[in-house]
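Q: Based on what follows, work out the 3D shape:
(one chain, ligands or ions: 2)
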Amino acid sequence: MSRVTLSRYLIEETRSNHTPADLRFLIEVVARACKEISHAVSKGALGGVLGSMGTENVQGEVQKKLDVLSNEILLEANEWGGHLAGMASEEMEQAYQIPGQYPKGAYLLVFDPLDGSSNIDVNVSVGTIFSVLRCPDSCDSSCDLGEEAFLQPGTRQVAAGYAIYGPQTMLVLTLGNGVKGFTLDRELGSFELTHDNMHVPESTAEFAINMSNQRHWEAPVKRYVDELLAGKEGPLGKNYNMRWIASMVADVHRILTRGGVFMYPRDGRDPSMPGKLRLMYEANPMSMIVEQAGGAATTGTQRILDIQPTSLHQRVPVFLGSKEEVERISGYHQG
Ligand code: AFP
Ligand code: FBP
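A: Ligands and ions are numbered 1, 2, ... in the order given. As a prediction, this is how the structure comes out:
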């Protein structure tokens with residue numbers, strides 16, 4: 001059987017599902033940037049990319065060299081092509097304006113350039129997460145793009161994906177009709193379709209949560225995790241296994257591959273911080289992917305994709321993965 005590259009997949013999508021040509025171009029450019037990031041990640045100490053920059057991002061987190069480099073790679077790759085009206089990144093306080101010498105396009109690109117950055121220096125999987133929205137009509141080519149243009153619920157995403165830089169580099173993508181996984185062929189330099197129909201099994205026996213925060217969780221989360229830990233002897237009647245990679249990309253990739261539930265709940269320590277994960281850069285794109293793969297994603301009380309964002313760097317509690325488990329968690333929140 002002939003191999004299906006990302007380019008071929010996108011061209012066929014244009015023909016059969018009328019994916020616009022500029023969206024196709026956008027995805028190709030993002031994929032090329034991810035190849036460059038993958039290359040930098042794989043060089044590690046040899047490329048001088050490990051360690052911190054000594055700066056903090058808008059979230060008050062110490063920036064790693066690779067955080068900053070990946071951000072620059074994505075900005076530079078995407079600013080000139082004429083397909084974007086603007087970009088927003090987890091690493092930048094404000095929206096990125098397309099420089100005046102380039103034309104503007106119909107889309108907005110939102111990304112977390114390097115997710116799981118605590119893993120970089122210890123040689124464990126990291127990733128890039130991205131989300132594509134349409135720019136509201138009110139922003140024409142002459143306007144300076146404000147934060148409001150980006151504040152659209154996740155249901156409006158026209159595409160979402162992530163690249164995982166692990167033993168293999170993969171690009172996982174949804175254009176709103178299922179989830180496809182492409183593996184980077186390093187010799188050819190192209191992403192090849194290897195996972196045609198990624199699907200999250202409805203039920204699971206695996207969960208992912210940072211257990212060190214247990215004492216700060218709310219009652220429904222405590223109850224649910226206690227039941228998981230009780231195993232066969234508990235009310236759920238089966239043994240569960242636990243995995244925590246500290247990179248949402250890697251944890252979600254495992255769930256897309258063999259099922260499971262991923263949780264980053266609200267934390268009682270700081271009432272002004274409803275969870276750790278960012279709605280626009282992490283929760284929305286991952287929720288679209290998981291839903292497109294037959295799973296579910298909620299804050300406990302609301303479907304994540306329905307949230308009307310109020311700010312670019314907003315945080316939300318996240319429970320996503322196998323439907324049965326996510327529904328149980330939602331039920332406990334309602335109860
Ligand atoms: P970064 O955005 O700093 O890379 O953090 C990644 C992340 O938000 C998410 O990918 C992980 O699931 C989570 O942090 C890990 O958090 P812990 O530090 O609580 O393990
Ligand atoms: P494999 O030999 O099957 O790869 O197992 C690996 C391993 O022995 C250790 O690398 C790892 O610490 C452990 O299993 C993980 O075990 P658990 O499933 O209990 O988390």
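
Q: lowest-pLDDT helix or strand in this protein?
A: Least confident helix or strand of the chain, by mean pLDDT, DSSP states H and E, is strand 52-56 with a mean of 75.

Q: Show me which positions of that strand end up buried.
A: Ser52 (16 or more other CB atoms under 10 Å). Any C-beta I mention is one placed from the backbone N, CA and C, and that applies to glycine too.

Q: Is any residue of that strand near ligand 1?
A: No - using CB under 6 Å from any ligand atom, strand 52-56 stays clear of ligand 1, with a minimum separation of 11.4 Å.

Q: Could you list every helix and strand that that strand packs against?
A: strand 62-64, helix 65-78 (3 or more CB pairs under 8 Å, 6 or more residues apart in numbering; DSSP states H and E).

Q: Tabulate the ones you listed (TSV), appending distance to ligand 1 and mean pLDDT.
A: Converted to TSV, the helices and strands packed on strand 52-56 look like this (distance: least, CB to the nearest ligand atom, whole Å; pLDDT from 0 to 100):
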stretch	distance to ligand 1	mean pLDDT
strand 62-64	8	79
helix 65-78	7	96
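
Q: and those, which is most packed in?
A: Burial of the helices and strands packed on strand 52-56 is given as mean neighbour count (mean count of other CB atoms under 10 Å); helix 65-78 ranks first at a mean of 21.

Q: can you give me how far that helix is from the chain middle?
A: Offset of helix 65-78 from its chain centre (CA atoms, centre = their mean, to the nearest Å): 16 Å.

Q: And stretch 122-133, by the same measure?
A: Computed by CA atoms, centre = their mean, the chain-centroid distance of stretch 122-133 equals 7 Å.

Q: Get me the contact residues on the stretch 101-250 of the chain for ligand 1.
A: Within the stretch 101-250 of the chain, the positions near ligand 1 by CB under 6 Å from any ligand atom are Asp115, Gly116, Ser117, Asn210, Ala246, Ser247, Met248.

Q: Give me the buried stretch members for stretch 193-201, please.
A: For stretch 193-201, using 16+ other CB under 10 Å, the buried residues are Leu193, Met198, Val200, Pro201.

Q: I'd like the average pLDDT over it.
A: What stretch 193-201 shows for mean pLDDT is 96.

Q: Now do it: distance from first to last residue.
A: One end of stretch 193-201 sits 21 Å from the other (CA to CA, to the nearest Å).

Q: Return the distance of it from the chain's centre.
A: For stretch 193-201, the distance to the chain centre is 17 Å (CA atoms, centre = their mean).

Q: now do stretch 27-47
A: That offset, for stretch 27-47, works out to 17 Å (CA atoms, centre = their mean).
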